[in-house]
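*Asks:* test case, fold it:
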Amino acid sequence: MIAYKGLNAEMIASLGRGRKKLEPGIRYVEERSKTMCCGWHCTEDPFACLAWFPLGRGNHYFQVEAGGSIDEDKSERIACTELTLLKELTIKELAGYGMMYMVEHPKRTGWERKQPQLCVARERAEASGEGHIAIARGQYPMVCGTEGSILGLILEPEPGNIIAAKLFVPNRKQAGRWYTLREEGLEECDEKETA
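*Replies:* Residues are numbered from 1 along each chain as shown. The predicted model follows:
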């Protein structure tokens, strides 16, 4: 199964009582898997990686192949006996895969996230720096960010019914302006709409 994994700046993963440096393209194997106990850990939701490996700290994010014996829990964690780092993700790619996860699983809960450099929120989200992520999801989603931030909009006229999504990096002209997503596409918001 395809999943997502965060690693620290040195590409070190904790494994039971030990630590191991991982490299892309190598299949790592463990004997057992149990979430919070043993095996290789990853997540189905790309944004869940950020709980352990926040943005802005030199961490690495990978799309991985999780295989062998797989154990999942209700908090999006996966433990597996086989793990291969497939592709290192840019922050924009991580945001894109996070949005795709929400689009593919529109009725799942727990998607709202607020932490330094990340805001995934209902209706309104704002990014305050380059490489920060802000994603607004809802009936009238609105997003704003600085030049070089990563912004996303998910149009959901009624809960569980996502009809459009858009990810973009604001340029100098778009920076500091609020945008929304309509069925017709991306639109700049009137100042009064954001109040």
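*Asks:* could you find the closest non-adjacent residue to Glu156?
*Replies:* Ile162 (4.9 Å; CB to CB, 6 or more residues apart in numbering). (Glycine included, C-beta is placed from N, CA and C.)
*Asks:* oh, I was asking about Ala3
*Replies:* Cys42 (4.1 Å).
*Asks:* surely the one you found and Tyr4 touch.
*Replies:* Yes - in this structure, Cys42 is within contact of Tyr4 by CB atoms under 8 Å, at 6.0 Å.
*Asks:* need the overlap of contacts for these two.
*Replies:* 49, 64 (CB atoms under 8 Å, 6 or more residues apart in numbering).
*Asks:* rewinding a little: what's the pLDDT at the residue nearest to Glu156?
*Replies:* Note on Ile162: pLDDT of 97.
*Asks:* also the one 4 residues further on?
*Replies:* At Lys166, the pLDDT value in this model is 97.
*Asks:* could you look up the SS state of it?
*Replies:* strand (DSSP: H, G, I helix; E, B strand; the rest coil).
*Asks:* hey, what's it bridged with?
*Replies:* In this entry, Lys166 is beta-bridged to Leu153, by DSSP bridges.
*Asks:* for the spatially most central residue of the chain, give me phi and psi.
*Replies:* By CA atoms, centre = their mean, the chain has its centre lying nearest to Phe47, at 3.0 Å. Main-chain dihedrals, Phe47, degrees, to the nearest 10: phi -70, psi -20.
*Asks:* can you tell me how far it is from Val143?
*Replies:* 16 Å (CB to CB, to the nearest Å).
*Asks:* ok so, going back, look up the closest residue to the residue nearest to the centre of the chain, ignoring the ones flanking it.
*Replies:* Excluding the flanking residues, the one nearest Phe47 by CB to CB, 6+ apart is Gly98, at 4.4 Å.
*Asks:* which stretches in this structure count as helices?
*Replies:* Secondary structure of the chain (DSSP state H): helices located at 91-104.
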